[in-house]
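[1] what follows is a predicted structure for the sequence shown.
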Amino acid sequence: MNECKGFGRGGGKIILLGEHSVVYGRPALAVGLPDGVTAKVAPSARKVGQIRCRDWRMEIPLNSGDRSAEAVRRILRRMGEAGLAWEVDLEVQIPHSAGLGSSAALCVAVARAFGELRGRRLTDGEAAEVAYEGERSFHGTPSGIDNTVAAYGGLVWFRKGEACRRLELPVALHLAVGVTGLGSDTSEQVGLVRRAWERDRARFEGLFDELGELVRLGRAALAAGDIEALGKLMDRGHELLGRLGVSGPALDEIVSAARASGALGAKLTGAGGGGCAVALCGSEEGARRVEEALKKAGFVAFRRRIRPGGADGEEGL
Ligand code: MEV
């Protein structure tokens, strides 16, 4: 390792079940994506360095009002660093504002890179905690699921205020993702749900309870390797998210096209309003068919295989 540089990585995420209700204390299930954000941090010759990201066409001074710059400043402060004489270079494999956790991946990558620069490898728990500080500049008071999955990866059971649990994934998950091309602004969507909840708490608490129950059933289905059951739960999850008011025509279209082309289940993923929908498929070939169908319907689409694996690196259990 070069002493004057630090490298770090954070992963993207797909929420399988439980977005929004997780903000209200219900559990959620998510998987880390193999794609993510890599950060390189080095001392700057300037008093105020820059964040550069060619993939996002971003080149901004660290003292700018941009949310990414603010996030990096918060992370630096959290790590005891007062100055801004740092050059931060990012390489990004996920689109931003798409519900795939790019801001959390960025925050985890930067936290880990600064840790390495300081000669300290952050644990997953530490990286998630430091990254949460940065996430607040993007999303106000997020539940913490995105930064947790960005740091831990794998299959994650998350509940606000509890230690993260990495679960055993007994079988590979074949996912196809359709991108609406419309921005998904997490704080806006969370605010929308909050206002609706304030107007009718009883109804929304009922919806959150049902979403929480889906997550519990989803965990049991996954533990049994019952992917078909998980698909059905995701279908129901999409319906409930629609009732929360966070779906939209493009997301619904992706979900319908995915089901029509053989997906076991499909739903919007992340905050909604725009962003992406995810389809669970029975095989690699099935995911390829769904991906093709989504492309044919005019959407950008991709597929990912989430490899099975153990709950290695468990913390706080
Ligand atoms: C965003 O990826 C997930 C939401 O539940 C917000 C949050 O948990 O902070 C919509």
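    Good, I have the coordinates.

[2] which pLDDT does the model give the residue nearest the centre of the chain?
    The chain has Gly101 as the residue nearest its centroid, 3.0 Å off, counting by C-alpha atoms, centre = their mean. Gly101 carries a pLDDT value of 96.

[3] quick one, helices of the stretch 51-200 of the chain?
    67-78, 102-117, 124-139, 145-152, 186-199 (DSSP state H, counting those that start in this stretch).

[4] my read: Gly282 touches Ile227, true?
    Yes - here Gly282 reaches Ile227: they are 6.5 Å apart, a contact under C-beta atoms under 8 Å. Just so you know, the C-beta spots here come from the backbone N, C-alpha and C atoms, and that holds for glycine as well.

[5] overlap of the contact sets of those two?
    Shared contacts of Gly282 and Ile227, defined by C-beta atoms under 8 Å, 6 or more residues apart in numbering, comprise Leu264.

[6] these two: which is more packed in?
    Using other C-beta atoms under 10 Å as the criterion, Gly282 and Ile227 rank with Ile227 on top: 20 against 14.

[7] do you know how far the more buried one is from the ligand?
    Distance, Ile227 to the ligand, by C-beta to the nearest ligand atom, to the nearest Å: 23 Å.

[8] got phi/psi on the residue nearest to that residue when sequence neighbours are not counted?
    Excluding the flanking residues, the one nearest Ile227 by C-beta to C-beta, 6 or more residues apart in numbering is Leu264, at 6.1 Å. Main-chain torsions, Leu264, degrees, to the nearest 10: phi -80, psi -20.

[9] check Leu264 and give its pLDDT.
    What the model reports for Leu264 is a pLDDT of 98.

[10] so what's it up against?
    227-228, 230-232, 234, 279-282, 286.

[11] and these, which of them are in strands?
    279-281 (DSSP state E).

[12] Arg288 reaches Arg303, doesn't it?
    Yes - with contact defined as C-beta under 8 Å, Arg288 reaches Arg303; the gap is 6.4 Å.

[13] so these two - more neighbours on which side?
    Taking neighbours as other C-beta under 10 Å, Arg288 and Arg303 compare with Arg303 leading, 19 against 14.

[14] name the element the more buried one belongs to?
    Applying DSSP states H and E as the criterion places Arg303 in strand 300-306.

[15] who in the protein is up against the ligand?
    Residues of the chain lying close to the ligand by C-beta under 6 Å from any ligand atom are 15, 19-20, 22-23, 139, 142-143, 145-146, 186, 190, 270-271.

[16] chain center to the helix or strand bottoming out on mean pLDDT in the chain: distance?
    Within the chain, no helix or strand scores below strand 165-167, which has a mean of 92 by mean pLDDT, DSSP states H and E. Strand 165-167 has its C-alpha centroid displaced from the chain centroid by 16 Å (C-alpha atoms, centre = their mean, to the nearest Å).

[17] who does it touch, helix- and strand-wise?
    Applying 3 or more C-beta pairs under 8 Å, 6 or more residues apart in numbering; DSSP states H and E, we find strand 165-167 packed against strand 155-158, helix 201-223.

[18] quick revisit: save the contacts of Leu264 as a markdown table, and put in pLDDT and distance to Ala85 too.
    Shown next, in a markdown table, are those (pLDDT from 0 to 100; distance: C-beta to C-beta, whole Å):
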| residue | pLDDT | distance to Ala85 |
| --- | --- | --- |
| Ile227 | 98 | 50 |
| Glu228 | 98 | 55 |
| Leu230 | 98 | 48 |
| Gly231 | 98 | 51 |
| Lys232 | 98 | 54 |
| Met234 | 98 | 47 |
| Ala279 | 98 | 46 |
| Leu280 | 98 | 47 |
| Cys281 | 98 | 48 |
| Gly282 | 97 | 53 |
| Gly286 | 98 | 51 |
